[in-house]
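**Q** Next input, structure requested:
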Amino acid sequence: MEGKSYPCENCRLRARYDANPKSILGRLWRFHIRFCPGWRAYFRSLPHEKQQDYIERYGLK
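**A** Modelled structure (predicted):
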């Protein structure tokens, strides 16, 4: 999957979550990534270190 670009890299909702996790749009993004196949593909395409960063930052399982 290397070389593929995902919209998740520049997602506006993710930026909203990063700026204010308690905002409605931020919470919507957090809910959305629980079932989004695009986010899963993007996440799996990341290097292990970046995955660990996201796991800690976003409280992923």
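**Q** Using CSV, write out the CA atom coordinates for whichever strand or helix holds L13.
**A** Assigned by DSSP states H and E, L13 belongs to helix 12-19. Taking Å, rounded to 0.1, in the frame of the first residue of the first chain, the C-alpha atoms of helix 12-19 are listed here in CSV:
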residue,chain,number,x,y,z
ARG,A,12,-10.5,18.5,8.3
LEU,A,13,-12.5,16.6,10.9
ARG,A,14,-9.4,15.1,12.3
ALA,A,15,-7.9,18.6,12.5
ARG,A,16,-11.0,19.7,14.5
TYR,A,17,-10.5,16.7,16.9
ASP,A,18,-6.8,17.6,17.3
ALA,A,19,-7.7,21.3,18.1
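**Q** Summarise which helices and strands that helix is packed against.
**A** helix 24-32 (3 or more C-beta pairs under 8 Å, 6 or more residues apart in numbering; DSSP states H and E). In short, each C-beta sits where N, CA and C put it, glycine included.
**Q** what's the angle from the helix or strand following the helix it packs on to helix 12-19?
**A** Next in sequence after helix 24-32, counting helices and strands by DSSP H and E, comes helix 37-45. Angle of helix 37-45 versus helix 12-19, following axes from the mean of the first three to the mean of the last three C-alpha atoms, to 10 degrees, is 60 degrees.
**Q** Any idea how many residues pack against K61?
**A** Residues near K61, counting by other C-beta atoms under 10 Å, number 4.
**Q** Need the nearest residue in space to it, chain neighbours excluded.
**A** Distance criterion C-beta to C-beta, 6 or more residues apart in numbering; nearest residue to K61, sequence neighbours excluded, is I55 at 8.0 Å.
**Q** so how far is the helix or strand encompassing the one you found from its chain's centroid?
**A** Mapping I55 onto the secondary structure by DSSP H and E places it in helix 48-58. Between the centre of helix 48-58 and the centre of its chain there are 10 Å (C-alpha atoms, centre = their mean, to the nearest Å).
**Q** Please tell me how far N20 sits from G26.
**A** As defined by C-beta to C-beta, to the nearest Å, N20 lies at a distance of 6 Å from G26.
**Q** Next: K50.
**A** In terms of C-beta to C-beta, K50 sits 20 Å off from G26.
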